[in-house]
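# sequence and predicted model, in that order:
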Amino acid sequence: FVFLRPLGLRLRLAERKLADPVFLCFRDGLVARKYRDAGLTVELIPMSGPFDPRAMPRLVGLLKQIGAQIVHTHDHKSHVLGRLAKPFVKIPVVSTLHGLLSDAKEIPRNRRLLYGLMVRATDSMTDQWIAVSKPLFQRLGEDRKDVTFIPNGVDPAMVMMDEGGPPLPDERGPVLLCLGRLSVEKGQDILLDAMAKVAMMFPDTVLWLAGEGPLESTLRSKASALRIENHIRFLGFREEVAPLLRHATALILPSRGEGTPISVLEAMSMEVPVIAVAVGGVPNLLSQPEIGILVPPENPEALAEAIAGLLRSPEEARRLGRAGKAHVAANFSLDAMAEATAQVYRSCLNS
């Protein structure tokens, strides 16, 4: 089998002898190293830009060389390449839809349109679809036999084993944590507006922004303009999330669009309460008020009110944390995700 992404799932499939995964990536960076460190096979298909005509013969040759039986794609670039290779290698293609290209605001509009055209033009070459959230499942078509809803899953033990990383700030008050790329679709600008209100009510509260991206300078300027720069910590990219979650009073997800965000599952698995904007597949994760707190999109006032309510009631925060952990264990396990994915593979091979 050949895969173009998610580590925990690949490890589970390999452990159960359900697949012998080979991870294909387009550059030899952090993700490739992480897969190698986990003992998985990594093959590179280097690309000199977003459209490199040499990538296709490299991919086809590699698929033939390793005797691939299935190609599983996970983003717009791998969707297109994996599907275009299909006529040359004659193996099934599984495509997982993690989110909508229209939500990827950091990609220039003209490039998004071009990617969208290429993805749609090759959609019919996918044998089986996997949707990671109910809205994406509905968008693809709930009644279609070639579409399966498989939510993301986590293993709490794997999350808690995540150690190391640079030193963390020593804070004297509550820590609000936001994990994710610093980009428009992740909504950190909304969170800063909310934080300006929270800081007036709870002066010791700080916000940790863990991530990097094109919006960083804009967010720094905004924090300064709001006069809350002393309440904001820009931590940069952090590979290890467990140390951050151990310090967090709550995880805040202000995104403008999401599928089934892993960061929410990881936080809940460690009993960290979650406050999130009700977009995409997030309401499916926080399906009941006793599991997590949902707020309307583009509403910093509601977000600030939800944060303040949690900070006023530590006991409520602990209760939400316990309920969230139980919810993830019952509905979003990595084992269930692996078995459902393996069933999709079996279906492809049997047909």
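Cool, the structure landed.

# contact partners for Gly280?
Contacts for Gly280 (Cβ atoms under 8 Å, 6 or more residues apart in numbering) come out as Gly99, Asp103, Ser133, Pro135, Leu136, Ser255, Gly257, Glu258, Gly259. To be clear about C-beta, it is placed using only N, CA and C from the backbone, and glycine gets the same treatment.

# if I look at the fifth one, how far off is Val184?
This points to Leu136. Note on Leu136: its distance to Val184, by Cβ to Cβ, to the nearest Å, is 20 Å.

# what comes up buried for stretch 37-56?
For stretch 37-56, a neighbour-count test (16 or more other Cβ atoms under 10 Å) marks Leu40, Val42, Glu43, Ile45, Met47, Ala55 as buried.

# and of those, the nearest to Leu192?
Ranked by distance to Leu192 (Cβ to Cβ), these are led by Met47 at 35.1 Å.

# how about that closest one, phi and psi?
Phi and psi for Met47, reported as degrees, to the nearest 10, are phi -130, psi 130.

# isn't it right next to Phe26, touching?
Yes - Met47 lies in contact with Phe26 (Cβ atoms under 8 Å); the separation is 4.9 Å.

# returning to what we had before: of Leu136 and Val184, which one has the most company?
Taking other Cβ atoms under 10 Å, Leu136 and Val184 do not tie; Leu136 has more neighbours (22 against 18).

# now the more buried one. Nearest residue, chain neighbours left out?
Take Leu136 and drop its neighbours on the chain: the residue closest to it by Cβ to Cβ, 6 or more residues apart in numbering is Leu97, 5.0 Å away.

# separation between that neighbour and Leu191?
Distance from Leu97 to Leu191, by Cβ to Cβ: 26 Å.

# give me the more crowded residue out of those two.
Taking neighbours as other Cβ under 10 Å, Leu97 and Leu191 compare with Leu191 leading, 27 against 22.

# okay, now the nearest residue to that one once chain neighbours are set aside: neighbour count?
Spatial nearest neighbour of Leu191, excluding adjacent residues (Cβ to Cβ, 6+ apart): Pro254 at 4.2 Å. For Pro254, the neighbour count with other Cβ under 10 Å is 25.

# Gly321 contacts Ser269, doesn't it?
No - assessed by Cβ under 8 Å, Gly321 is found out of contact with Ser269, at 10.2 Å.

# so between these two, which is more surrounded?
Legend: neighbour count by other Cβ under 10 Å for Gly321 and Ser269, higher for Ser269 (26 against 20).

# show me what contacts that one?
Applying Cβ under 8 Å, 6+ apart, the residues contacting Ser269 are Val154, Pro156, Val159, Gly324, Lys325, Val328, Ala329.

# apply 10 Å and report the result again.
When contacts are counted by Cβ atoms under 10 Å, 6 or more residues apart in numbering, Ser269 touches 153-160, 242, 245, 324-325, 327-329, 332-334.

# tell me how far it lies from Ala330.
Taking Cβ to Cβ, one finds Ser269 at 12 Å from Ala330.

# now swap in Gly280 and tell me
Gly280 is 21 Å from Ala330, where distance means Cβ to Cβ.

# over to Glu239?
In terms of Cβ to Cβ, Glu239 sits 28 Å off from Ala330.

# could you do Gly180 as well?
For Gly180, the distance to Ala330 - Cβ to Cβ - is 25 Å.

# and the two? which has more neighbours close in?
Using other Cβ under 10 Å as the criterion, Gly180 and Ala330 rank with Gly180 on top: 19 against 9.

# isn't the more buried one up against Leu209?
Yes - here Gly180 reaches Leu209: they are 8.5 Å apart, a contact under Cβ atoms under 10 Å.

# spell out which residues are contacts of both of the two.
Lys186, Gln188.

# shaky segments in the chain?
For the chain, the stretches flagged by pLDDT under 70 are 1-7, 16-19, 50, 101-106, 162, 164.

# mind doing that once more with 50?
Within the chain, no stretch has pLDDT under 50.

# tell me where it has strands.
All strands of the chain, identified by DSSP state E, fall at 2-3, 22-25, 41-44, 71-73, 93-97, 128-131, 147-149, 175-179, 206-210, 232-236, 250-253, 274-277, 293-295.
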